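Asks: Output the structure for:
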Amino acid sequence: MRSAGAGRGRAAGRGFSLVEAVIVIVIIAMLVSVVSVVAARVARGSRLAAEQQLLRSLAMGCEQFKTDFGYPPPLVNDADPVVTQDGRLQPNTRGDDFLRGEVLANEPRHSELSLTYFLMGVLDEDDGTGKPIDGVLGAGLTAPVRAGDRIVFSQRGRTYPALFDPAKAGHERVVSAGTYQVRLRDRWLQPIRYYRWATRYTASGEVENATAQTNNGHNIPAVLGGNPPGSPELAGAQYAIVSAGPDQTLSDVDARDPGNEDNLTELGR
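Replies: Presented below is the predicted three-dimensional model:
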């Protein structure tokens, strides 16, 4: 009798009490929560790194464009992206006066169309002469040449392939909203912006003194934090490619806006 009772007591001692079971469940829940948080951070970091790589790829395309043609991709007027110039449709590009902030300074100095025009070659519409606006049907373009403040694509000579392939970044990265309105999107499905500016010089060739409007003479958009330029890289840059980041918001008014804290930016000369 004593032996059987002692066996039952030892068997009962090996089981979990209700309190112990609750403690185990709580510990497991805490571990799952910690693992979930870490996994979310790793996934977020991976997405940000992949998006930054996309911006670098676009910047490499811009650098190749500059190597080929002598200047970075022009800034397009998104409100009126194509105009008639000398009887032909052409990209409506911003002039140097605009980039220096000397005219129409209240208008945005970014474009959501420039990179698709000049890196991808999406201007396949008839320019009025029976040829595509950019001189090439499909991806690619002929040489863009300056005609005053406008850009005119050569209709003869060398053909340049697309300098950026959106297929490598996923087909969902490109969206068309109508004629001439082809935009690149980031992974949060917001348009990627291309910012351009130009340094303002005095008559003696020196950079103008700092003012609220010219950001130490560089006229850098506020969204980039350039009031005045906060780094040598920004002061020496000519353009920026910007993704709004996970919060999907950009502010062109004040770089201190919380909506700009997670922006992803790639600068280029």
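
Asks: okay, CA-based contacts and neighbour counts for the rest of this
Replies: OK.

Asks: Pretty sure Asp165 sits against Thr116.
Replies: No. At 10.1 Å, Asp165 and Thr116 do not qualify as touching, with contact defined as CA atoms under 8 Å.

Asks: pLDDT of stretch 30-49, averaged?
Replies: Averaging pLDDT along stretch 30-49 gives 72.

Asks: To clarify, my last question referred to stretch 156-164.
Replies: Mean predicted confidence for stretch 156-164 is 88.

Asks: got the end-to-end distance for it?
Replies: 22 Å (CA to CA, to the nearest Å).

Asks: try stretch 186-193
Replies: Start and end residues of stretch 186-193 are separated by 10 Å (CA to CA).

Asks: which parts of that stretch are buried?
Replies: Residues Asp186, Arg187, Leu189, Gln190, Pro191, Ile192, Arg193 are the ones in stretch 186-193 that count as buried (16 or more other CA atoms under 10 Å).

Asks: Of Asp165 and Thr116, which one has the most company?
Replies: Taking other CA atoms under 10 Å, Asp165 and Thr116 do not tie; Thr116 has more neighbours (22 against 16).

Asks: So the more buried one, which state does it fall into?
Replies: helix (DSSP: H, G, I helix; E, B strand; the rest coil).

Asks: tell me the contacts of it?
Replies: Counting by CA atoms under 8 Å, 6 or more residues apart in numbering, Thr116 makes contact with Val122, Val182, Arg183, Leu184.

Asks: and of the residues you listed, the nearest to Gly138?
Replies: Taking CA to CA as the measure, Val122 is the one of the contacts of Thr116 closest to Gly138, at 6.8 Å.

Asks: could I get the contacts of Thr116 as JSON lines with distance to Ala222, secondary structure and pLDDT?
Replies: Shown next, in JSON lines, are the contacts of Thr116 (distance: CA to CA, whole Å; DSSP: H, G, I helix; E, B strand; the rest coil; pLDDT from 0 to 100):
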{"residue": "Val122", "distance to Ala222": "30", "secondary structure": "coil", "pLDDT": "92"}
{"residue": "Val182", "distance to Ala222": "26", "secondary structure": "strand", "pLDDT": "92"}
{"residue": "Arg183", "distance to Ala222": "23", "secondary structure": "strand", "pLDDT": "92"}
{"residue": "Leu184", "distance to Ala222": "22", "secondary structure": "strand", "pLDDT": "92"}
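
Asks: Among those residues, which one has the most neighbours?
Replies: Neighbour counts for these, by other CA under 10 Å, peak at Val122, which reaches 25 neighbours.
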